[in-house]
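> quick check, what structure comes out for this input:
(one chain, ligands or ions: 1)
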Amino acid sequence: MGAIFQSLGRTVLAGVVLLIVLVLVAGGGSIGGMAWSTFAMRWLHVLNGVMWIGLLWYFNFVQIPSMPKIPDEQKPAISKVIAPAALFWFRWAALGTVITGLLLSWMSGYIAPALGLQRPFLAIGIGMWLALIMAFNVWFIIWPNQQKALGMVQVEAADKAKAARTAMLTSRLNTMLSIPMLYCMVAQQNGGL
Ligand code: HEM
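Residues are numbered from 1 along each chain as shown. Next up, the predicted model:
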């Protein structure tokens with residue numbers, strides 16, 4: 001067990017193996033075909049979404065509120081090591097969520113009416129637009145400003161402070177949007193709107 005859990009790669013692989021065993025043992029032989037592929041895409045979509053929104057909430061619920069409590073000489077541990085690593089997974093998971101989400105709506109046959117906010121796809125349509133705005137914010141506002149704020153791109157001190165504030169406020173905006181967005185994601189199948 002220790003050999004598995006001491007390596008993140010092996011831990012993730014073990015999770016995948018466990019899933020395969022579970023599906024083989026408990027699955028009703030329904031693997032393959034369009035319905036299953038759409039379901040598998042839904043699973044990949046939720047995996048990506050959890051990584052993205054989990055990190056968004058980590059930034060907002062843990063990292064940002066903790067920064068003022070950390071002594072200045074220890075702050076580089078966050079700004080030089082933890083935040084860049086978290087931002088890596090954050091922005092690529094955001095892209096993965098968008099791709100799998102759009103593929104899922106296409107495979108389900110309602111991408112156009114959903115994006116056109118037509119009933120009966122209004123719930124998922126609103127959710128998709130909210131999440132697309134959030135993903136735009138990640139890639140085109142939060143990430144470029146974080147690069148300046150964290151010193152990955154060199155700028156004047158005043159610009160650095162401004163970039164940090166813009167990134168923080170946009171991250172807050174995404175946290176706000178994530179609440180109705182997730183409601184809409186789960187509402188489509190369950191009559192929440
Ligand atoms: C632009 C980004 C996104 C797009 C295009 C998108 C698209 C979709 C689509 C088409 C569905 C299927 C709805 C249905 O027929 O029931 C769905 C479900 C879902 N999405 Fe997203 N989504 C996006 C972002 C997110 C994010 C950020 C999360 C965060 C975790 C998320 C979590 C979920 C969940 C939990 C479901 C419900 C799965 C189920 O009921 O089986 N989505 N999404």
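> going along the chain, name the helices of this protein.
When assigned using DSSP state H, the helices of the chain occupy the ranges 2-5, 8-26, 33-58, 64-66, 75-76, 83-107, 111-115, 122-137, 143-149, 157-190.
> near residue 155, how many other residues are there?
Residues near residue 155, counting by other C-beta atoms under 10 Å, number 14. For every residue, glycine as well, the C-beta is placed using N, CA and C.
> so what's it closest to, chain neighbours aside?
residue 148 (4.8 Å; C-beta to C-beta, 6 or more residues apart in numbering).
> which parts of this structure sit against the ligand?
42, 45-46, 49-50, 52-53, 97-98, 101-102, 104-105, 108, 124, 128, 131-132, 135, 182, 185-186, 188-189 (C-beta under 6 Å from any ligand atom).
> as TSV, the helices of the chain with mean pLDDT and mean neighbour count would be great.
Listed next are those as TSV, based on pLDDT from 0 to 100; neighbours: other C-beta atoms under 10 Å:
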stretch	mean pLDDT	mean neighbour count
helix 2-5	94	9
helix 8-26	95	10
helix 33-58	96	16
helix 64-66	97	12
helix 75-76	96	12
helix 83-107	98	18
helix 111-115	98	17
helix 122-137	98	20
helix 143-149	98	20
helix 157-190	97	16
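> for residue 99, see how far away the residue nearest the centre of the chain is.
The residue lying closest to the centre of the chain (C-alpha atoms, centre = their mean) is residue 52, at 1.7 Å. Using C-beta to C-beta, to the nearest Å, we find residue 52 at a distance of 12 Å from residue 99.
> for the nearest residue to residue 147 once chain neighbours are set aside, give me phi and psi.
What sits nearest to residue 147 in space, not counting adjacent residues and going by C-beta to C-beta, 6+ apart, is residue 153, at 4.4 Å. Main-chain dihedrals, residue 153, degrees, to the nearest 10: phi -120, psi 130.
> from residue 125, how far out is residue 118?
Distance of residue 118 to residue 125, given as C-beta to C-beta: 7 Å.
> what do you get for residue 178?
From residue 178 over to residue 125 (counting by C-beta to C-beta), the distance is 17 Å.
> cool, and residue 153?
Separation of residue 153 from residue 125 (C-beta to C-beta) stands at 36 Å.
> cool, and residue 184?
On the measure of C-beta to C-beta, residue 184 and residue 125 end up 8 Å apart.
> now do residue 171
25 Å.
> also residue 88?
30 Å.
> same question for residue 31.
Going from residue 31 to residue 125 by C-beta to C-beta gives 30 Å.
> swap in residue 27?
On the measure of C-beta to C-beta, residue 27 and residue 125 end up 32 Å apart.
> list the contacts of the closest residue to residue 84 other than its chain neighbours.
Take residue 84 and drop its neighbours on the chain: the residue closest to it by C-beta to C-beta, 6+ apart is residue 150, 6.3 Å away. Applying C-beta atoms under 8 Å, 6 or more residues apart in numbering to residue 150 gives the contacts 79-80, 83-84, 87.
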